[in-house]
Structure formats: structure tokens, C-alpha cells
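Participant: mind looking at a prediction? Sequence and model below.
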There are 2 protein chains.
Amino acid sequence: MSPAPDVGALVERAREGDARSVARLISLVEDASPLLREAMAALTPYGGRATVIGLTGAPGVGKSTTTDALVTAFRGRGKRVGVLAVDPSSPFSGGALHGDRIRMQDHALDRDVYIRSMASRGHLGGLAWSTPQALRVLDAAGCDVVLVETVGVGQSEVEVARLADTTVVLLAPGMGDAIQAAKAGILEVGDVYVVNKADRDGADAAVRELRHMLTLGERRGPDDWRPPIVKTVASRGEGVEEVVASLDKHRSWLEETGALHERRLHRAADEVQTIALTALRERVGDLRARGGEDGLDALAADVVAGRTDPYAAADRLLDGLTGA
Amino acid sequence: MSPAPDVGALVERAREGDARSVARLISLVEDASPLLREAMAALTPYGGRATVIGLTGAPGVGKSTTTDALVTAFRGRGKRVGVLAVDPSSPFSGGALHGDRIRMQDHALDRDVYIRSMASRGHLGGLAWSTPQALRVLDAAGCDVVLVETVGVGQSEVEVARLADTTVVLLAPGMGDAIQAAKAGILEVGDVYVVNKADRDGADAAVRELRHMLTLGERRGPDDWRPPIVKTVASRGEGVEEVVASLDKHRSWLEETGALHERRLHRAADEVQTIALTALRERVGDLRARGGEDGLDALAADVVAGRTDPYAAADRLLDGLTGA
């Protein structure tokens, strides 16, 4: 363990773009450090500049290749870029199992690119708790664009969509995407759809099928956003400029309609609510340790023995919470 | 909507094995019905008989085929069997997208088999909230064995392991299992490992690799359980009797060591805690709707404007909770 850092100094250096300070601040998030509250308070005045782009899709569709291509495209326009690769299924962080992260080392010497793999498993509040706080760090550090890449499993893609300004959903031909898409609910979250690996058989069919499904679900007014579908071969950079153009177009739409501010209000509300719930959960966790007849162990024993039901036991547990 | 059922009568009929009453009670769980509290209170005295077996693995390893084979094996021994197929990624219930459920219809006319697909996405407390309550229904309805089948994504396999007496982890050759296993943490949750599709190339290699990884992680005393690895071809019933024998052996170990009671205490504690947290979350959700300067919307606007930080806003939100 390193000694407790001076949070104010860290935030100062992170704002100057010092990569190590950015890294330490994100580690505070990962570790759910008690210093986080102070760090977030210090970062808050410097937020709200970065454009947040979510990137999600099933394993194997080429998420990290696409992220990489987008980083190159944004760097070409002189933007400072942050990448958060969030793995909702991994207990590891720092990219231990992200073999494909190595590709990102094209950008490793570029001080205007900040790349970080984050584990969210094991976090009390999961991805919804840690990612917005890591975003605050990258935002304050002067990133113009932050790409949040996550594998679409469970409900992670919904969580990513809730915190992004623009959500890119990636698919690839021949992966049984249609039914997967329906299951995972990705048809509701995409602002831009990308059919990657478009040099493979079935790319056009995948586009047609996706367009059909998007139209089926359509309940849009004349001013509403209609998600475009872009074909790419990200490994060769093909179609990437078109993706960037779609992102720009969506950004303009967000600004013109006021949807950007709405989304950010929702994001902040989610963030506050998640922090509040996590705090409550910790208080309930403390009750678990408490002894006596209203401690969780005693209540659990009553439930197992059939002396009480789980709802009545939960009530008694919560009575302890307000009395604490 | 059907009219509000008489919960007492439903529980009575479910205890007599009436499948429709069992179905309606599980629907109360899925719908997070306000009647649930009454139903759980009525069911509690009749719980604790069923053996709960969790079955988890990546998509494509043959979970439903294996479940099906186990149902046949338990029926052959005259057991009444319940199956809960929990899909943590699906917003649908009742098996809408479970095409492979159709295979289960071999058992459809057997009144001693109760099969139910459950969606857990969208539930406030997810799988950890709904599954234990559905288990209570099947337990009270006289099931000797309940198989809880879930796809191992996110942390669902950990959640299943926490509520099962015995957890079966399924793998199949040639799916890059080693790294997947490490990522998903399945090496910590299995009581019995099954390498299914063992007629395929690479089955022995998968067993060896798995055994190696299990040994690496081993910190076991002489009385501890050492998870066996069983090879199966579930579609032909091969190896299934060996799986059942391993389940029996684990059950004996659980009873002899007192681990069964310990696991059930943990399960009840988790259940009570999850119900308590869900209740708290609902109260926080109510605060979201509340207007005024301590309402969530006003707090979110303050955060977006940089007037306050998310932690301070969460504190103000929770002040409202205790004052409510």
C-alpha cells in the first residue's frame, strides 16, 4: 500500500494531464477508497466538458478493435481521448486478462490518450457506481472524448447507455445477432449501430435484419433520433470515419434538442442514487455483523427454523437501521 | 389482469401439488406483487425440505440438456422435481425465448415435475431477490429436488451458488474454458464439475486443465470437500448417473459436516438482506419523485451545474429518507 495521497494535489496534477495522478484517482474509485468523497468534491467543478461515448456488444464483435480505430480517428482531429474498458464479469483490473489491450499500445506513448481497464465486479454498486466516478476523473483531466467500452452481458449495456451521451452498439455477421439483440435489449439502447466485420458473409443480411427490427420497435416522432446503421471493418479502419460522422450528427442532435442536458441530469440522478444506495447497503452490511436477536444471523436462523418469514425478518433488520 | 387471488387458498392448493397454484404463486414473485409478503408468510412453515441444486455454465455447454437428463434420473428414483430456469439477461419470462425448453416437454405431462422459466432482469433485486422466493414456493409444493439452472454471465453463477445446497458447474471442450473459468470465478463456486459433450475432441484436455486449475486454487483441509469432475454426454444420458452419485455424495458430506445448515443460514441471511435492500431502494426511488430542493431532480441539477458533488447530494437524499 502506498501512503494516503494528498487528494487536492492529485486532482491538481490530474487536471494538468499527469497520467500517474489520473491513474491513482481511478484506483481510488476501484478500491472504493474513503478518500473518494474528497476527490469527487475536488473534481466536481471541472466536470461536464467531455463527450461520453458508450460502446457495447457481445464478445467477439470487435469492440476493442473498434475502440482503437475510434481513438486513432479522434486523435487525428487533435482531441484528447480517454478509454475506460469496463469488464462487468471480471474480478481483475488493470487489464490482466485483456490480452487485446496490448493492441492499444499503439497509443501508449501518446500523452493525449488515457487508457484504463476497470473491473466492476465486486464493487458494491457495480459498473453503475464506479464508471461515472472514473468518468469524472477523465473529464477533469481534460479529455475531450471518453470512450466507455463494455461487453454486453447481463444488463451492463443498459447501464452503459444510461451514462453515455451517445451509445454505439456493435454487432457482427453470423452471430445469431437478431435473437441475441432482442434478448439483451440492445435495440432500445443504441444511438448508432455498427455492423463490424462487414467483409464477412452475412453482413448485408445482418444490416437488413437489424433495420427491420429497429423499424418494428419504432415509436418515433418527426424530431426524434433515428439510429443509423454503419458497416465497418474496424481492423482495416474501413467505415470508421462514417461512425465518427454519425457520432457528430448525434451530438448535434443532442445539443439542438436539449437532450444532452436531459441525459446528463439523468446520469447525475443515477449517480447520486447509486451512491446513496451503496451507502445504505453498507449500513445494512454493518447490521449483518451486529449480534443480538435483531442481528442478521439471529433473524436468518429464525427464518430457517420457520419461526418467521423473510419479509418480517427484513422489517426487523430495517428497524435496526433507523435506530442506529 | 386476473382478480387478486386468495393467497391462503393458493398456498393450500400449491401444497397439495396443484400446478396452476404453484404457477400463480411464482407469478406473484415475478411481478413483485404486494401479495408476496402474505404468500411468503404462509409458505414459511412448509419450507426446508427440498434439496436445491444449482446448475450454471456458459451459453452452449448444454445446460438445459443436462437439466433434462437430471430430471429423468431423479424421476426414476421417484422424486418430485422442480426446475427453475433463470435467465439473468432476459426481460421475458415464461420461456418466450427458451426454444430449448420445448425439449422439456418430455416431462410436460408428468405431474411430479414442475418446470418454470423465470426472468430476473428488471427485478429490483435481480436473481438474488426472486429465486429464493420461487424456491420457497416449489419447496412448499413438495418438490424433493429443485434444479436452478442459470447461464453463467456477470455474477449470476455466484448468486446461484449462494442459494444452492450443491452447485454444478458445466463446461464443454474447446470453448476456451480455462480463461473463461478464471474470469467468471467459477472455480470458486462449483461443488461438482461436469465436462459435457465429452464425445468431442479436447474433453480429456479440458478435464486435465480444470483439475490442474482446481488443484492450484486448493486450500483445503482433510475434511473439506474436493469437487469431482465428471464427463458426460447429456444428450445421450451418458455419465448422468455418475453426476447423480456425486450429488448424493456431496449431500452426505453437507449433512455430516453441518455445512448444509450453514449454507441454509447464509441463504436465509442473503434473502433477508436482499429483501431489506430492495425495500430501501424503493424508498429511495420514492424520493426520486419527491419535489423540492432535496428531491433527486434538484440534487442532480446541482451536480450537473457543479454546485455540489454526488456524495454530498447522496447525503442530502438520505437525510430525506430518515426524515420520511
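Facilitator: Nice, I can see it.
Participant: what about the strands in the stretch 1-150 of chain A?
Facilitator: With DSSP state E, counting those that start in this stretch as the criterion, the stretch 1-150 of chain A has strands at A:51-57, A:81-87, A:113-119, A:145-151.
Participant: for the helix or strand hosting A:Leu318, packing partners?
Facilitator: For A:Leu318, the host element (DSSP states H and E) is helix A:310-323. When contacts are defined as 3 or more C-beta pairs under 8 Å, 6 or more residues apart in numbering or on different chains; DSSP states H and E, helix A:310-323 sits against helix A:259-289, helix A:296-304, helix B:36-43, helix B:259-289. For the C-beta atoms, the positions are set from N, CA and C on the backbone; glycine is no exception.
Participant: ok so, going back, wait, which of the strands of the stretch 1-150 of chain A is closest to chain B?
Facilitator: Nearest of the strands of the stretch 1-150 of chain A to chain B, taken as C-beta to the nearest C-beta: strand A:81-87 at 8.0 Å.
Participant: ok, and what's touching the helix holding A:Leu318?
Facilitator: With contacts defined as C-beta atoms under 8 Å, 6 or more residues apart in numbering or on different chains, helix A:310-323 is touched by A:280, A:283-284, A:287, A:290, A:294, A:296, A:299-300, A:302-303, B:36-37, B:40-41, B:44, B:132-133, B:268, B:271-273, B:275-276, B:279-280, B:322.
Participant: same check on stretch A:10-29?
Facilitator: By C-beta under 8 Å, 6+ apart, the list of residues contacting stretch A:10-29 from outside reads A:5, A:33, A:35-36, A:39, A:42-43, A:46, A:80, A:111-112, A:114, A:116, A:118, A:130, A:133-134, A:137-138, A:140-142.
Participant: how about 7 Å then?
Facilitator: Residues from elsewhere that reach stretch A:10-29 (C-beta atoms under 7 Å, 6 or more residues apart in numbering or on different chains): A:5, A:35-36, A:39, A:42-43, A:46, A:111, A:114, A:116, A:130, A:133-134, A:137, A:140-142.
Participant: can you check stretch A:246-258 too?
Facilitator: A:51, A:53, A:165-166, A:191-192, A:223, A:225, A:228, A:230, A:260.
Participant: output it as PDB, restricted to C-alpha atoms.
Facilitator: Extracted in PDB, the C-alpha atoms of stretch A:246-258 (Å, rounded to 0.1, in the frame of the first residue of the first chain):
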ATOM      1  CA  SER A 246     -22.700   9.600 -37.100                       C
ATOM      2  CA  LEU A 247     -21.400  10.400 -33.600                       C
ATOM      3  CA  ASP A 248     -21.000  14.100 -34.600                       C
ATOM      4  CA  LYS A 249     -24.500  14.100 -36.000                       C
ATOM      5  CA  HIS A 250     -25.900  12.600 -32.900                       C
ATOM      6  CA  ARG A 251     -24.000  15.100 -30.800                       C
ATOM      7  CA  SER A 252     -25.600  18.000 -32.800                       C
ATOM      8  CA  TRP A 253     -29.000  16.400 -32.300                       C
ATOM      9  CA  LEU A 254     -28.400  16.100 -28.600                       C
ATOM     10  CA  GLU A 255     -27.400  19.800 -28.300                       C
ATOM     11  CA  GLU A 256     -30.200  21.100 -30.600                       C
ATOM     12  CA  THR A 257     -33.000  19.300 -28.800                       C
ATOM     13  CA  GLY A 258     -31.800  19.800 -25.300                       C
END
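Participant: quick one: low-confidence parts of chain A?
Facilitator: The model of chain A has pLDDT under 70 over residues A:1-4, A:88-110, A:119-126, A:152-155, A:175-185, A:217-220, A:287-288, A:290-291, A:320-324.
Participant: about what we covered before: which parts of the helix holding A:Leu318 are buried?
Facilitator: Residues of helix A:310-323 classed as buried: A:310-318, A:320 (neighbour count, 16 or more other C-beta atoms under 10 Å in any protein chain shown).
Participant: with distance to B:Glu256 added, can I get these in TSV?
Facilitator: Conversion of the buried residues of helix A:310-323 to TSV gives the following (distance: C-beta to C-beta, whole Å):
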residue	distance to B:Glu256
A:Pro310	28
A:Tyr311	33
A:Ala312	32
A:Ala313	29
A:Ala314	32
A:Asp315	36
A:Arg316	33
A:Leu317	32
A:Leu318	37
A:Gly320	35
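Participant: from these, which is closest to B:Glu159?
Facilitator: B:Glu159 lies nearest to A:Pro310 out of these, by C-beta to C-beta, at 16.1 Å.
Participant: what about the closest one, distance to B:Arg37?
Facilitator: Note on A:Pro310: its distance to B:Arg37, by C-beta to C-beta, to the nearest Å, is 9 Å.
Participant: A:Gly202 now?
Facilitator: Distance, A:Gly202 to B:Arg37, using C-beta to C-beta: 50 Å.
Participant: now A:Tyr114
Facilitator: Here the criterion is C-beta to C-beta. By it, A:Tyr114 lies 49 Å from B:Arg37.
Participant: contact partners for A:Lys197?
Facilitator: By C-beta under 7 Å, 6+ apart, the contact set of A:Lys197 is A:62, A:172-173, A:233.
Participant: if we use 10 Å, what do you get?
Facilitator: A:60-62, A:65, A:170-175, A:203, A:206, A:231-235 (C-beta atoms under 10 Å, 6 or more residues apart in numbering or on different chains).
Participant: before we move on, the earlier item: would you mind checking the contacts of stretch A:10-29 for buried ones?
Facilitator: Using 16+ other C-beta under 10 Å as the burial test, these include A:5, A:35-36, A:39, A:42-43, A:46, A:114, A:116, A:130, A:133-134, A:137, A:140-142 as buried.
Participant: between these, which is closest to B:Asn196?
Facilitator: Nearest to B:Asn196 among these is A:Ser130, at 35.1 Å by C-beta to C-beta.
Participant: surely the closest one meets A:Met40?
Facilitator: No - look at A:Ser130 against A:Met40 with C-beta atoms under 10 Å: they stay out of range, at 12.0 Å.
Participant: give me the angle between the helix or strand containing A:Glu241 and strand A:51-57.
Facilitator: Assessed by DSSP H and E, A:Glu241 sits inside helix A:240-257. Interaxial angle of helix A:240-257 relative to strand A:51-57 (axes from the mean of the first three to the mean of the last three C-alpha atoms, to 10 degrees): 130 degrees.
Participant: buried set for helix A:240-257?
Facilitator: Across helix A:240-257, burial judged by 16+ other C-beta under 10 Å covers A:240, A:243-244, A:246-247, A:250-251, A:253-254.
Participant: chain neighbours aside, what residue packs nearest to A:Ala259?
Facilitator: Nearest non-adjacent residue to A:Ala259, counting by C-beta to C-beta, 6 or more residues apart in numbering or on different chains: A:Trp253, 7.0 Å away.
Participant: what is the nearest residue to A:Val71 once chain neighbours are set aside paired to in the beta sheet?
Facilitator: Spatial nearest neighbour of A:Val71, excluding adjacent residues (C-beta to C-beta, 6+ apart): A:Val81 at 5.2 Å. Beta-bridge partners for A:Val81, by DSSP bridges, are A:Val113, A:Val145.
Participant: phi, psi for A:Asp6 please.
Facilitator: Reported as degrees, to the nearest 10, the phi and psi values for A:Asp6 are phi -80, psi 100.
Participant: cool, A:Val169 as well?
Facilitator: Dihedral angles for A:Val169 - degrees, to the nearest 10 - are phi -100, psi 120.
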